[in-house]
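> sequence first, then the predicted structure, then my questions.
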Amino acid sequence: MSWVYLVIAGLLEVGWAVGLKYTAGFTRPWPSVLTLATMAGSVGMLGLALRALPLGTAYAVWTGIGTVGTAVFGMIMLGEPAGALRLLSIALIVAGIVGLKLLSPA
């Protein structure tokens with residue numbers, strides 16, 4: 001179950017990272033409230049995952065999911081560049097996440 005919590009935490013991290021773009025420096029109330037809620041949810045789920053997973057593994061996977069998800073969102077929804085080297089770099093992050101999962105005792 002810890003890995004499920006961790007994946008949810010990572011997806012919520014994508015939510016708050018994307019949400020930051022729409023808060024306008026926390027001057028827009030509803031985007032700000034939603035962003036803060038996803039921040040709290042993300043950290044809370046990470047905390048649940050840490051009950052059974054090693055800190056270094058959980059943190060690396062959490063930030064990796066957030067990084068990959070946010071980058072993919074930016075490319076698909078915001079028209080950010082999706083060059084070959086950028087995609088390769090994202091693939092390397094995904095490979096690192098998979099590697100940590102495969103090597104994790106929990």
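That came through, no problem. Residues are numbered from 1 along each chain as shown.
> gap between V68 and G74?
Separation of V68 from G74 (C-beta to C-beta, to the nearest Å) stands at 11 Å. Backbone N, C-alpha and C define where each C-beta goes, glycine included.
> same question for L85.
For L85 relative to G74 (C-beta to C-beta), the value is 16 Å.
> residue contacts, the residue most central in space within the chain?
Compute the mean C-alpha point of the chain, and by C-alpha atoms, centre = their mean the closest residue is G66, 1.8 Å away. G66 makes contact with 10, 13-14, 17, 42 under the criterion C-beta atoms under 8 Å, 6 or more residues apart in numbering.
> now, the residues you listed that are in helices?
10, 13-14, 17, 42 (DSSP state H).
> which of those residues are buried?
Burial by neighbour count, judged by 16 or more other C-beta atoms under 10 Å, picks out 10, 13-14, 17, 42 from these.
> what's the most distant pair in these?
By the measure C-beta to C-beta, G10 and A17 form the most distant pair in those, at 10.6 Å.
> shared neighbours, these two?
In contact with both G10 and A17: 66, 69, using C-beta under 8 Å, 6+ apart.
> point out where this structure drops to low pLDDT.
106 (pLDDT under 70).
> try it again at 80.
105-106 (pLDDT under 80).
> so where do the helices sit in it?
Under DSSP H, the chain gives helices at 2-22, 29-49, 55-77, 84-103.
> so which elements touch the second one?
Read that as helix 29-49. helix 2-22, helix 55-77 (3 or more C-beta pairs under 8 Å, 6 or more residues apart in numbering; DSSP states H and E).
> now do it and helix 2-22, the angle between them.
160 degrees (axes from the mean of the first three to the mean of the last three C-alpha atoms, to 10 degrees).
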